Structure formats: C-alpha cells, structure tokens
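S.K.: give me coordinates for this.
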Amino acid sequence: MLTHAAPCVYLTDVLLSKIGAASTMSGMLGQRVGQFGEKLVRKRPLEPREESEIPTLHPNILNLVLFGVNTPKARIYILAGAMAVSVAGPAIIISFLVFGLFSLLSGFFFGELVARVPRSGSVYLYSYVTMGQLHAFITGWNLILHLGIATACVTRAWSYTFDSLIGNHISQVLEGTFSEHVPSFLSPYPDIVALVLVLVMTGLLILGVHDSALVSKVSEGVNVLVLSFMILSGFIKGDLHNWQLTEQDYKLAASGSNDTSSLGPLGSGGFVPFGFEGILRGAAMPFYSYFGLNAIITTGRETPNPQRSIPWSIGIIISICFLAYSGVSAALTLMVPYYQIHPYNPLPQAFHHVGWAPAGYFVAVVILCALFYSLLLVMLTMSQLICAMAEDGLLFQGLGQIYARRGTPLVAVLVSAILSGILAVLFEIFHLVELLSVGALFVYFLVTFSVLVLRYQPDQSFSKKEKVEEEIEMEPIVEGNPSPSVPEAGTSNPLKSLCNPISTTPTLKSGQIVYGCAFLLVLLLTILSLLLALWPSRVFSGDPGFTAGAVLLLLLIAGITAIIWRQPQNPSPLPFRVPALPVLPVLSIFVNVYLMMQMSSVTWAQCGIWNALGLATYFGYGIRHSPEGKRDPQPPASSLQLPDPS
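M.R.: From the prediction side, this is the model:
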C-alpha cells in the first residue's frame, strides 16, 4: 500500500507547489496592477499657504462682477463671421442664447471644483489635486491643444484683418501660388503673416514681456467702445429684410457680384436658414470662450455669503457676455446679408458694405491691437501650462527650464510657438474654431464628471503636511494588524447597498459605486448622443428599433442616476455647492457630449490623434517621472500660480 501511495503523495506535493507558485505569481501580478492603478489616481498635495497669500478682502456681488467680467475681445471678432455665414445665419443669436444657458450650467460645476481647492490656479491644478494624475494629464494635455489652437485662430484673424487694410494683396499672391498644390482639408495657402506674428510674439515673451494691468484696462475699454459702436451701427444702418432673405435675394446678390465664390450658402432662407442643427452647431462653437469664472470663484471665497454671491456673479457675467455676443451678431446680420459676410474679417467689411469706409478702417486698426494683446496673453498662458506640467514630471523636464536672465520658460515658449505656428500656417480658421470647441467641451465634461464623483467621496485632505501625518498614523495600524479589515456594513448584500446604503456619510465602497455608475453613465449618454446626432429623424419618427433603443437607454440612465442619488453625499462645507445632484451633472454631461457630436469627423480624427500622442507621452514618460508616482512627492511651488487657461 505504501509503495503505491508514494507516487500519489509526490504528485500531490508537486501539484500543491505549482498551485502555490501560481497563487504567488497572481498575487504579485495583482499587487503590481494595484500599484499601477494607484499611480494613475495619485493626487498632488498642496504646499501650505503663507499668511501674506491669504486675501483679506470681503467683496460683494458687484465687486465680483467688475473683477471677473471679461469682455469678449478677440473671440467675437473671430466667431461672428464664421458662424453667421455658413453655420447658423441670423439664428446665430439663438445659438448664443443656447450657448449662454449651457455655459452657465458648466460655470456652476467649475465653481464647485475650484471651491474644493484652497488655492488659485488652473483647471489642470484643480484636477491634479482632486481627481489624480491621469485625469490631470488628460485635462492639461487638452488645454495645451486648446491654447495652441486659440493662438492659431488669433494670428489667422490678425492676418486677415491686416491683409484687408492693404487690399488683400498678400492672400491673392499666396493663394495663386499654393492653392493648386494644397489638400482640401488644409488651408488654401500657408499663412506666412500668421507665422511671422507667432515668431514676433515668441521674441517678446523670451525678452520677458508680460501682461500689464494698465494695458489690460485700456484694451477692455477700447473693446467696449468698439462693440458698442458696432451694435449702435446695426440699429442705424441695419435692415430687417436681411433676416428674411429668399432665393431671389441670393440670385440678385450673385448677379451683382464679380466673384460668386465669395458668397456663402443660402440654406433654406429666412431667419433660420440652416435649421435646428445649425443652431446647435453654432451653440457648440463658442464654448472655448472664457468668462472670468476662475477670478470670480477664487475671489468669491472671501465674500460673506459665497453660496449666494458666486452663482449670482457667474449668472450676471455670462449674461453680459451673451448680450455682447448676440448684440454684435444681430448688428452684423442686419447690416449685411449673412451669405455676403466675410467669414474671417466680418466687422470692418460690414462698415464698407453700408458705405462707412472710414469706420471700417478704424475698427480694423482697433481689432489688430486687440488681437495682438489677446495673442500675448494666450501664448503666455500656454507656455506657463507646459512649464507647470514639465515641473510636475508629466512632460519632459527640459520643457520647464527657466531662462535665468529674463525669468521666462524659454523651452516652453519655443514649443508653444512651434505648435501654434504649424496650426496657424496649415489650417483654416473655421476648422481651428471647431477643433478648439471640441477641446473646450471635453474640458467642461471632465470638470462636470469630477464634481459628480467628488461629491460622493469621503473627505480628502489637500495639504502636503496633512497627507504625510495621515500616512504616519496609518503605518503602525497596518503593520500591527495585518488581518483583513472588518467589512463595511451592508456588504453581505451588494444589491441592497446600491439602493439602500446604511451609512449616512460616504465610505470607500459608496465612492467606488459612484465611480462605476458615473463611467457607465458616460458610456450610455455617449450612445444616446450618437443616436440623436446621427439619426434624429428615425428616433423621433417612431422607427421601432431606434425609438426602442433610445427609450431603453433613457430608462438605464434614469436607473443609474437613481443609484447615484441614493448614495450618501459628503456633508463637508464648501464655499459653493452645485444644487440638484446628480440630475444637473447628468444633464450637463449629456449636453457637452451631444454638442461635441455636432462637430465633423475630421475634427474628431484630429482630436483623437492629439490625445493618442498624449497618452503615449504619459505612459511612456510621465507616469515614471512624476513626483506623485513616488513615495515622497515634492511638488514644485512655481506651478501653483498658473493663470487659468480655460
């Protein structure tokens, strides 16, 4: 019996040893996966603030509005013509109304995200402190593209305006030389003037030229005068018939024009020539505009009642900007038939059209000055963002080198100039604005997602000192009690914990439930947006497959939203909290995703290539070189004061 049993015992020992080795390898693999996941969500601690940095002012709502209002400036000069001529027509006014309502909603979520971090900074910083490393990198990487495209748009608009002052000689020569050899998806000719302007701004930044408070005030004052003059001119020289144009009017304009190719499309005529889709597409394009929300919220913390003053200030400022956008657009479409508006030089051309040529030249000169100043700010912000990410180790550290003599991030400025120059030379301004809007909508989406998730997480400390103390306190507990911790209440019944959690405060488990539900919501909302964007007629006409699919998606979205609603929220006080969670975040995410679906496939391909390059950079370099990926993070203090590039 023993002789026959020996081989069995031996085989059993071998089998057990192999099982043990396999379990050990799986345990090591699980540990490595866990460590990798921890690096992705590792948050950046903040250095404690000096007492001199703590503001002592107590502003009211009027002070916040005056402090945060940011006149549209270059944005209206770039947007009005391009949107009116081929996207929305006179209905551009409705597009700006829709845009104002949705940007107000997004502004509230931005307000809560900023209110969670006791420090002024950028969306990149807020994401790093609250959501973790990967989220921050994606946000910062898209902001770099956002600022690079904004620079290219401004330089392109400056080039068009300058060229119009000298009789369009530059564009005629360049277009006649290059147009036959350029692919259709690129600009008809390389804009050499825009490239020269980028190089000039690069030289100024390297020499240490920065923003000036006096120049900023003068620039805003001049812009207010020009925009007011434009709106007043629309009432004086405008014609209501330009909001009721027909095909006959279009034929008359074509017969009286020497260059029929300069006319835009007619559409269906009337006030809404491009239909409801044109209004939505027009509403998506201005989303890259910045309304001074960061200035309001960081200053609004010091108000006696921030929960009231912050939302009121945001609402007033967005209303002011909406009136400026819609007023100029209404004046423009009243003065000139929308299909005759110059897409890239609309305001000076409008004065020429109504016979006010001197006013057109004056407005062109003012626009050149405004665009030049706006370009300086955008390039400065872009270089500072690149420098901050390099100092954090998420980008190559050489990008963060400071030119000691002038105190400027030399390499970051040069990289900003290269990216902006390539975009300005190769792409048409309309395609740049579309790509810019996709990036801005994506950043708004990330902010809304962050607020939805963070509201249901346990308390987290942002101070570096507090994080170190917590780690020291936790170490003896882990070493002295290696046994598994006691499971949370309700874990024996997972379905019950989804709909009826026992704890009244957020726990690790409830936070994970919200994380999973939020990701699932994004997936379902994306599918629903695709259905509504690509096949709206089939969804609303009662097609069995499409209508049933949309209804099923809505039911699933409602069920997951209810699960999130049942989870306990963090009761910690904040200067500002978004009401009606989780309904408002779900609505905001849907709006952002749906508006992004209005953009062309080429724009999405360009955005996808940029993000693919970004993820390759992060996983190839950033995840291994960032201080937050190590045990003792040492965040640089210089990147904490980065201006908001949103």
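S.K.: which intervals of the stretch 151-300 of the chain have sub-threshold pLDDT?
M.R.: 178-182, 184-185, 210-216, 256-262, 287-300 (pLDDT under 70).
S.K.: which elements pack onto the helix or strand where L524 lies?
M.R.: In this assignment (DSSP states H and E), L524 forms part of helix 508-534. Contact here means 3 or more Cβ pairs under 8 Å, 6 or more residues apart in numbering; DSSP states H and E; on that basis helix 508-534 packs against helix 429-454, helix 494-499, helix 544-566, helix 583-596. Placement of C-beta: from N, CA and C, glycine included.
S.K.: try it again with 6 Å
M.R.: Packing contacts for helix 508-534, counted by 3 or more Cβ pairs under 6 Å, 6 or more residues apart in numbering; DSSP states H and E, involve helix 429-454, helix 544-566, helix 583-596.
S.K.: would you turn those helices into JSON lines with mean pLDDT, mean neighbour count and distance to Q248?
M.R.: As requested, the helices and strands packed on helix 508-534 are exported to JSON lines (pLDDT from 0 to 100; neighbours: other Cβ atoms under 10 Å; distance: least, Cβ to Cβ, whole Å):
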{"stretch": "helix 429-454", "mean pLDDT": "85", "mean neighbour count": "25", "distance to Q248": "28"}
{"stretch": "helix 544-566", "mean pLDDT": "92", "mean neighbour count": "15", "distance to Q248": "38"}
{"stretch": "helix 583-596", "mean pLDDT": "91", "mean neighbour count": "21", "distance to Q248": "34"}
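S.K.: I'd like the mean pLDDT over the helix holding L524, please.
M.R.: Averaged across helix 508-534, the pLDDT comes to 91.
S.K.: show me the contact partners of the helix or strand just after it.
M.R.: The first helix or strand that comes after helix 508-534 along the chain, using DSSP H and E, is helix 536-540. Contacts with helix 536-540, where a contact means Cβ atoms under 6 Å, 6 or more residues apart in numbering, come from L531, F546, T547, A550.
S.K.: that older thread, I'd like to know which of the helices and strands packed on helix 508-534 lies nearest to T526.
M.R.: helix 583-596 (5.5 Å; Cβ to Cβ).
S.K.: now for the closest one, which elements pack on it?
M.R.: In terms of contacts (3+ Cβ pairs under 6 Å, 6+ apart), helix 583-596 is packed against helix 429-454, helix 508-534.
S.K.: turn the ones you listed into JSON lines, including distance to A136.
M.R.: Below are those laid out as JSON lines (distance: least, Cβ to Cβ, whole Å):
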{"stretch": "helix 429-454", "distance to A136": "10"}
{"stretch": "helix 508-534", "distance to A136": "17"}
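S.K.: closest one to A605 among those helices?
M.R.: With Cβ to Cβ as the measure, helix 429-454 is the member of the helices and strands packed on helix 583-596 nearest A605 (10.2 Å).
S.K.: could you tell me how far the closest one lies from the centre of the chain?
M.R.: In terms of Cα atoms, centre = their mean, to the nearest Å, the centre of helix 429-454 is found 3 Å from the chain centre.
S.K.: got the angle for it vs helix 544-566?
M.R.: Helix 429-454 runs at 50 degrees relative to helix 544-566, counting by axes from the mean of the first three to the mean of the last three Cα atoms, to 10 degrees.
S.K.: from here on, count from 18
M.R.: Okay, residue one is now 18; in that scheme the one you just asked about reads as helix 446-471.
S.K.: so which elements touch helix 446-471?
M.R.: Short answer (3+ Cβ pairs under 6 Å, 6+ apart): helix 446-471 packs on helix 109-132, helix 150-182, helix 525-551, helix 600-613, helix 618-634.
S.K.: packed most tightly, which of those helices would that be?
M.R.: helix 150-182 (a mean of 25; mean count of other Cβ atoms under 10 Å).
S.K.: what's the next secondary structure element after it?
M.R.: helix 186-195.
S.K.: show me how far that next one is from its chain's centre.
M.R.: 35 Å.
S.K.: before we move on, what about stretch 550-563?
M.R.: Relative to its parent chain, stretch 550-563 has a centroid offset of 30 Å by Cα atoms, centre = their mean.
S.K.: where along the stretch 268-417 of the chain do the strands fall?
M.R.: Here the stretch 268-417 of the chain has no strands by DSSP state E, counting those that start in this stretch.
S.K.: show me where it has helices.
M.R.: Taking DSSP state H, counting those that start in this stretch as the test, the helices found in the stretch 268-417 of the chain are 292-301, 310-317, 323-352, 363-370, 374-408.
S.K.: residue contacts, T168?
M.R.: By Cβ under 6 Å, 6+ apart, T168 lies in contact with V395, M396, S437.
S.K.: in this structure the second one contacts M218, no?
M.R.: Yes. If you go by Cβ atoms under 6 Å, M396 and M218 touch, sitting 5.3 Å apart.
S.K.: ok, and what's touching stretch 359-366?
M.R.: A97, G98, A99, V102, Y177, T178, S181, L349, G377, V380, A381, I446.
S.K.: for the last one, which non-adjacent residue is spatially closest?
M.R.: For I446, the nearest residue in space outside its immediate sequence neighbours is R173; the separation is 4.3 Å by Cβ to Cβ, 6 or more residues apart in numbering.
S.K.: just A167 next, same as before
M.R.: Closest to A167 by Cβ to Cβ, 6+ apart is V395, at 5.0 Å.
S.K.: for the one you found, give me its contacts.
M.R.: Taking Cβ under 6 Å, 6+ apart as the test, what V395 contacts is L164, A167, T168.
S.K.: looking at the helices and strands packed on helix 446-471, which is closest to P588?
M.R.: Evaluated over these, closeness to P588 peaks at helix 525-551, with 13.2 Å, by Cβ to Cβ.
S.K.: okay, angle between that closest one and helix 561-583 too, please.
M.R.: Here the directions of helix 525-551 and helix 561-583 differ by 150 degrees (the same axes, to 10 degrees).
S.K.: and the angle from helix 525-551 to helix 600-613?
M.R.: Using the same axes, to 10 degrees, helix 525-551 lies at 40 degrees relative to helix 600-613.
S.K.: next, give phi and psi for Q615.
M.R.: phi -80, psi -10 (degrees, to the nearest 10).
S.K.: and for it, the neighbour number?
M.R.: 23 (other Cβ atoms under 10 Å).
S.K.: give me the pLDDT for it.
M.R.: pLDDT at Q615 comes out at 82.
S.K.: verify the stated contact: it with L297.
M.R.: Yes. Contact criterion Cβ under 6 Å: Q615 and L297 qualify, at 5.5 Å.
S.K.: ok, and the closest non-adjacent residue to S467?
M.R.: M148 (5.1 Å).
S.K.: for the one you found, give me phi and psi.
M.R.: Per degrees, to the nearest 10, the backbone of M148 is at phi -110, psi -20.
S.K.: ok, T522 next?
M.R.: Dihedral angles (degrees, to the nearest 10) for T522: phi -120, psi 150.
S.K.: thinking again about what came up before, just so I know, which of the helices and strands packed on helix 446-471 lies nearest A407?
M.R.: Minimum separation from A407 across those (Cβ to Cβ) falls at helix 150-182, 10.5 Å.
S.K.: now do that closest one and helix 446-471, the angle between them.
M.R.: Here the directions of helix 150-182 and helix 446-471 differ by 150 degrees (the same axes, to 10 degrees).
S.K.: let me see the contact set for M396.
M.R.: Going by Cβ under 6 Å, 6+ apart, M396 touches T168, M218, S433.
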